[in-house]
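Enquirer: could you look at this predicted model? Sequence included:
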Amino acid sequence: MGRLFGTDGARGVANSELSCELAMKIGRAAAMVLTESCSHKPKVLIGMDTRASSHMLASAISAGLCSVGADVLILDVVPTPAVAFLVKEYEYDAGVMISASHNPCEYNGIKIFQYNGYKLPDELENEIEEIILDETKIPPVMLGGDVGNISFSSTAVDDYIFHLAMTSDGDFKGMKIALDCANGSASVTAKTLFTRLGAECYIINAEPNGTNINDNCGSTHMKGLQKFVVENNCDIGFAFDGDADRMLIVDEDGEVIDGDKVIAVCAKYMKQQGKLQNDTAVVTVMSNMGFFKFCEKNGIRCEKTKVGDRYVLENMVANGYSIGGEQSGHIIFLDYATTGDGQMSAIQVLNVLKRTGKKISELAGEMQVFPQVLINVRVSNFGKTRLEKDEEVQLAIREASEELGADGRVLVRVSGTEPLVRVMLEGKDLEKIQYLAECIAKVIEERLV
């Protein structure tokens, strides 16, 4: 993880940690890096979510890009995966998304995509960071006609909706669905998209005002959608996050279905259709043990990566796998997209419902969820480095693993952003895993302070 760019771009409180000055510097440095690899004048498109600060930061990064000679196309409010798709569709050199995803409105972020729709690789992010923080290079200052131009797209939303619609197996007539847009980017696409596909749509939280994005709604706050689905007798409900790259489900009974179950449902269907490349799904080490048991039962291989959708994607691209994702609902269908896409995931689930004629509760119910306990233990920064070396901590972990055997698992890891060690246990017996997790946490508290 870099000094400015984390696993999902640069983020912080807008106009404070992520200031206009920093956004402009990112624009200038990015344009310089792009200029060095381009034989033509660079072209960069910019999308944003509905936060009050998004236009401010988009203006700042646009100014930085133009000052070094790059042309800018403003897409206005679109989902993050729209930027990933359109940068390739429009044959641009890079795409920028202004969004802090599922975070509250005061936060914002800058995420950069390459010409091929994939996130900027680490080496290019590092080069941009070095230009900004270490002044390894000084971006040029263009004058006169060499300054970049800014234009505005009037077709971005329609082009992206058309792309999504083409991933459906047909229409969804007869399906009654609820869509929670989190007062974010899905507010400009979801109603048109799913109505066009024939579904009877009920839309909630699609009236953004700049400050209500993710505010007690969307994929991080599911209770409102749960209540709505039951009261309106919907077949299914989909909750997106602020930039619509994630999706979680509410079934017809109001129960939440997480990303693990969505991947399980879709992977099994894809295998039956002969579309699951190498019969493999990619998830992170944090996926529920029940997912791995489901895969074993259904003849699906499972690849496990570090936490973070970028690691899932790297594995998928390297090995040619077609589906992967996280519990949070960030799911990648690599046959259609280069990043997670909440609305595309919803379409793929509706495809399964239509073809099988089954309810989502029945399909998702095939995966048993094992009880899970997570304890965050505050430690010193020095303590974080000693986790794998401390013999007493490792002994406690081994003893818990032996106690659980094949009926559970232990995962202990350091946080990438905080002075914490995360202790996660899964197993059939909730009381047992709670006790064992507390035992490990106590040893860590004593040894790694």
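Expert: Cool, the structure landed.
Enquirer: use CA for all of it now, contacts and neighbours both
Expert: Noted.
Enquirer: middle-most residue in this structure, spatially?
Expert: Taking C-alpha atoms, centre = their mean, the centroid of the chain lies closest to His330, which sits 4.2 Å from it.
Enquirer: can you tell me the closest non-neighbouring residue to that residue?
Expert: Arg246 (4.5 Å; C-alpha to C-alpha, 6 or more residues apart in numbering).
Enquirer: for the residue nearest to the centre of the chain, what are its contacts?
Expert: Applying C-alpha atoms under 8 Å, 6 or more residues apart in numbering to His330 gives the contacts Asp245, Arg246, Met247, Gly259, Asp309, Gly340, Asp341, Gly342.
Enquirer: just to be sure, Ala437 is in a strand?
Expert: No: per DSSP: H, G, I helix; E, B strand; the rest coil, Ala437 lies outside any strand segment and is helix.
Enquirer: still on that earlier bit, Ser99 versus the residue nearest to His330, what's the distance?
Expert: As judged by C-alpha to C-alpha, to the nearest Å, Arg246 and Ser99 stand 13 Å apart.
Enquirer: can you check Gly325 too?
Expert: To Ser99, Gly325 is 20 Å away according to C-alpha to C-alpha.
Enquirer: repeat that for Lys359.
Expert: 34 Å.
Enquirer: neighbour count winner among the two?
Expert: Ser99 (30 against 16; other C-alpha atoms under 10 Å).
Enquirer: OK, contacts around the more buried one?
Expert: Ser99 touches Met48, Asp49, Arg51, Ser54, Thr80, Asn108, Gly109, Ile110, Lys111, Gly242, Asp243, counting by C-alpha under 8 Å, 6+ apart.
Enquirer: state the distance from it to Gly329.
Expert: When distance is defined by C-alpha to C-alpha, Ser99 is 17 Å away from Gly329.
Enquirer: just the pLDDT at Thr417, thanks.
Expert: With respect to pLDDT, Thr417 scores 64.
Enquirer: apologies, that question was intended for Asn298.
Expert: Asn298 is assigned 97 on the pLDDT scale.
Enquirer: now do the same contact list for it.
Expert: Each residue near Asn298 by C-alpha under 8 Å, 6+ apart is listed here: Lys268.
Enquirer: got the phi and psi for it?
Expert: In terms of degrees, to the nearest 10, the main-chain angles of Asn298 are phi -110, psi 10.
Enquirer: again, but for the one 3 residues further on
Expert: Geometry field for Arg301 lists phi and psi as phi -70, psi 150, criterion degrees, to the nearest 10.
Enquirer: so the nearest residue to Thr211 once chain neighbours are set aside: helix, strand or coil?
Expert: Distances taken as C-alpha to C-alpha, 6+ apart put Cys105 closest to Thr211, at 5.4 Å, once the chain neighbours are dropped. Three-state assignment for Cys105 (three-state DSSP): coil.
Enquirer: I figured Cys105 hits Asn216, correct?
Expert: No: using C-alpha atoms under 8 Å, Cys105 is not in contact with Asn216, being 11.6 Å away.
Enquirer: possible to save the contacts of His330 as a markdown table with pLDDT and distance to Ile433?
Expert: Below are the contacts of His330 laid out as a markdown table (pLDDT from 0 to 100; distance: C-alpha to C-alpha, whole Å):
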| residue | pLDDT | distance to Ile433 |
| --- | --- | --- |
| Asp245 | 96 | 33 |
| Arg246 | 96 | 29 |
| Met247 | 98 | 29 |
| Gly259 | 97 | 23 |
| Asp309 | 86 | 27 |
| Gly340 | 95 | 32 |
| Asp341 | 97 | 34 |
| Gly342 | 98 | 33 |
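Enquirer: from Ala30, how far off is Ile131?
Expert: Applying C-alpha to C-alpha, the value for Ile131 to Ala30 is 9 Å.
Enquirer: which of those two has more neighbours?
Expert: Taking neighbours as other C-alpha under 10 Å, Ile131 and Ala30 compare with Ala30 leading, 27 against 20.
Enquirer: per-residue pLDDT, the more buried one?
Expert: If you check Ala30, the pLDDT there is 92.
Enquirer: no further queries at this time; thank you.
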